[in-house]
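[1] pasting the sequence and the predicted coordinates here, then a few questions.
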Amino acid sequence: MPPLSFQIEKKDPHSKARTGTIATDHGTIQTPIFMPVGTAGTVKAVTQQQLEENVKAAIILGNTYHLYLRPGLDVLQSAGGLHKFNGWEKPILTDSGGYQVFSLASNRKINEEGVVFQSHIDGSKHLFTPEKAMDIQRVIGGDIIMVFDECPAYPSEYAYVKNSMELTHRWLDRCFHRFNETEGLYGYDQNLFPIAQGGTEKDLRKASCEYIASKQAVGNAIGGLSVGEPTQLIYEMCAWSCEYLPENKPRYLMGVGTPQDLLECISFGVDMFDCVMPTRNGRNEMLFTSEGIIHIDNKKWEFDHAVIDPALDNNVSNFYSKSYLRHLIKSKEILGLTIASIQNLAFYLWLVTEARNQINAGSFSSWKNNILPIITRRL
């Protein structure tokens, strides 16, 4: 058995949706799954205990660029890796820092060797190469680690997207070479996922998916979406990419997105998702619930003493009232940010768990069509 294994369990008869189990050295992950984003070693405003008990998360993310800058590799290695440093004993996935090539466009320079970043903390300059991205992720110690890639902005000229994809493929080769000549530092296996790019060009997406599939990695990722393109184009590119990625390997759609995005892309055959939206929106008074979307700072919730979300069984959503949460948010109490973040994350995990149950029951497509108008409506 490879270090990471993936077993498909059920397939939906009316779509490409499927359920499965990913096995890693830090535990198993039932798919489809949503992964809370813990950029700097923490999911903002939520403790690891709350992630496990209230959110019911199975895997979380860390970010190579941010953890490299702070707390730094010396601290992480002295702790025994990120699992020991932050106390999370389940699987961790680390983003290579490639997304920062996109998001920090004003503070970086790209060449064949890699990318020179200017730190957002102190302005210092740092060179990230594919080899360095692998070395850093060895120190961080994620169970799943990502290749270093370039994510072109939308829109971009065809020639730029093509050149960017080809650069990503060359970097991918260097990542695999470095990964294969090094070992993990903490006594458990790490697993490298390549990333398909190609922007919104179908021929480039196909070529990139076929190229990364040729690496026969234990899993594959779809990158470069949700960077400004229309939603329907995200769906078109996601569905198209899934056609050319191996069916027997987990497919990870990076950085997407809304609850509707999750359900639509599950129907195309995606297994893994991450996005900052649930925590970021929670900190900005927007709640996702099983009954619809709530802007909790609105006056209409001032006297609503019903619990936030009765469908979620997590001792937060079904314990605190909308009125109380609104009071905390209006008072700028930190607890309000925690409750809102837990609600949104727990909703996302509830949603993918319900999707899994429906796929297993053979009723995913009809359930999706019924629930989408409910969870996307504004209350």
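    Ah, there it is.
[2] and the closest residue to Ser156 other than its chain neighbours, what's its pLDDT?
    Residue nearest to Ser156 in three dimensions, not counting chain neighbours: Gly199, with 6.0 Å by Cβ to Cβ, 6 or more residues apart in numbering. Where C-beta positions appear, they are placed from N, C-alpha and C, glycine not excepted. Predicted confidence (pLDDT) for Gly199: 97.
[3] contacts only, for Gly199.
    Gly199 makes contacts with 152, 154, 156, 161, 164-165, 205, 224, as judged by Cβ atoms under 8 Å, 6 or more residues apart in numbering.
[4] now do stretch 139-159: distance to the chain's middle.
    With Cα atoms, centre = their mean, to the nearest Å as the basis, stretch 139-159 stands 13 Å off its chain's centre.
[5] and that stretch, what's buried?
    By neighbour count with 16 or more other Cβ atoms under 10 Å, stretch 139-159 contains the buried residues 139-154, 156.
[6] mind checking which of these are in helices?
    139-140 (DSSP state H).
[7] if we can go back for a sec, in TSV, list the contacts of Gly199 along with pLDDT.
    Output for those, formatted as TSV (pLDDT from 0 to 100):
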residue	pLDDT
Pro152	90
Tyr154	94
Ser156	95
Val161	97
Ser164	96
Met165	97
Arg205	98
Gly224	94
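[8] looking at those residues, which one is closest to Glu302?
    Checking the contacts of Gly199 against Glu302 with Cβ to Cβ, the nearest one is Tyr154 at 40.5 Å.
[9] pretty sure the closest one contacts Ile234?
    No: at 9.8 Å, Tyr154 does not count as touching Ile234 under the criterion of Cβ atoms under 8 Å.
[10] any stretches of the stretch 51-200 of the chain with poor pLDDT?
    101-103 (pLDDT under 70).
[11] chain center to the strand or helix carrying Gly20: distance?
    Following DSSP states H and E, one finds Gly20 within strand 18-24. Offset of strand 18-24 from its chain centre (Cα atoms, centre = their mean): 16 Å.
[12] look up the residues forming beta bridges with His126.
    Phe117 (DSSP bridges).
[13] ok, now which ones touch it?
    By Cβ under 8 Å, 6+ apart, the contact list for His126 reads 68-69, 116-117, 119.
[14] what's the answer for Lys299, then?
    Per Cβ under 8 Å, 6+ apart, neighbours of Lys299: none.
[15] grab the nearest non-local neighbour of the residue most central in space within the chain.
    Most central in the chain under Cα atoms, centre = their mean is Asp274, positioned 1.8 Å from the mean C-alpha point. What sits nearest to Asp274 in space, not counting adjacent residues and going by Cβ to Cβ, 6+ apart, is Met35, at 4.3 Å.
[16] surely the one you found and Ala57 touch.
    Yes: Met35 is within contact range of Ala57, at 7.4 Å (criterion: Cβ under 8 Å).
[17] residues contacting Lys322?
    294, 296, 301, 304-308.
[18] same thing with Met237?
    Met237 touches 198, 200, 202, 205, 222, 225, 229, counting by Cβ under 8 Å, 6+ apart.
[19] in terms of helix, strand or coil, where does the fourth one fall?
    Just to be clear, that refers to Arg205. helix (DSSP: H, G, I helix; E, B strand; the rest coil).
[20] Leu372 and Asp309, how far apart?
    17 Å (Cβ to Cβ, to the nearest Å).
[21] so in that sheet, which strands flank the strand holding Gly20, and in what orientation?
    Partners of strand 18-24 in the sheet, by DSSP bridges, are strand 5-11 (antiparallel), strand 27-31 (antiparallel).
[22] what comes up buried for that strand?
    Residues 18-20, 22-24 are the ones in strand 18-24 that count as buried (16+ other Cβ under 10 Å).
[23] ok, of those residues, which one's closest to Pro91?
    Thr24 (4.8 Å).
[24] so how far is Val218 from the closest one?
    Distance, Thr24 to Val218, by Cβ to Cβ: 10 Å.
[25] so what's the residue count around Leu127?
    Counted by other Cβ atoms under 10 Å, the residues lying close to Leu127 total 12.
[26] against Val161, how distant is it?
    On the measure of Cβ to Cβ, Leu127 and Val161 end up 24 Å apart.
[27] picking up where we left off before, redo the buried residues of strand 18-24 as TSV? Include pLDDT and distance to Ile329.
    Listed next are these as TSV, based on pLDDT from 0 to 100; distance: Cβ to Cβ, whole Å:
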residue	pLDDT	distance to Ile329
Arg18	98	39
Thr19	98	36
Gly20	98	38
Ile22	98	36
Ala23	98	40
Thr24	98	37
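[28] now Asp133, what are its backbone angles?
    Check again: residue 133 is Ala, not Asp. Taking degrees, to the nearest 10, you get phi -60, psi -40 for the backbone angles of Ala133.
[29] related to what we said a few turns ago, which strand or helix spans the residue nearest to Ser156?
    Counting by DSSP H and E, Gly199 is found in no helix or strand.
[30] ranges for the helices of the chain?
    Assignment of helices within the chain using DSSP H yields the ranges 48-50, 64-69, 73-79, 82-86, 98-103, 130-140, 158-181, 202-213, 231-244, 259-266, 277-282, 322-330, 334-361, 364-375.
[31] of all the ones you listed, which one is nearest Pro3?
    Across these, Pro3 has its closest neighbour in helix 158-181 (11.6 Å, Cβ to Cβ).
[32] angle of that closest one against helix 202-213?
    Orientation of helix 158-181 against helix 202-213 (axes from the mean of the first three to the mean of the last three Cα atoms, to 10 degrees) gives an angle of 10 degrees.
[33] remind me what helix 158-181 packs against, helices and strands.
    Other helices and strands packing on helix 158-181, by 3 or more Cβ pairs under 8 Å, 6 or more residues apart in numbering; DSSP states H and E, are helix 130-140, strand 191-193, helix 202-213.
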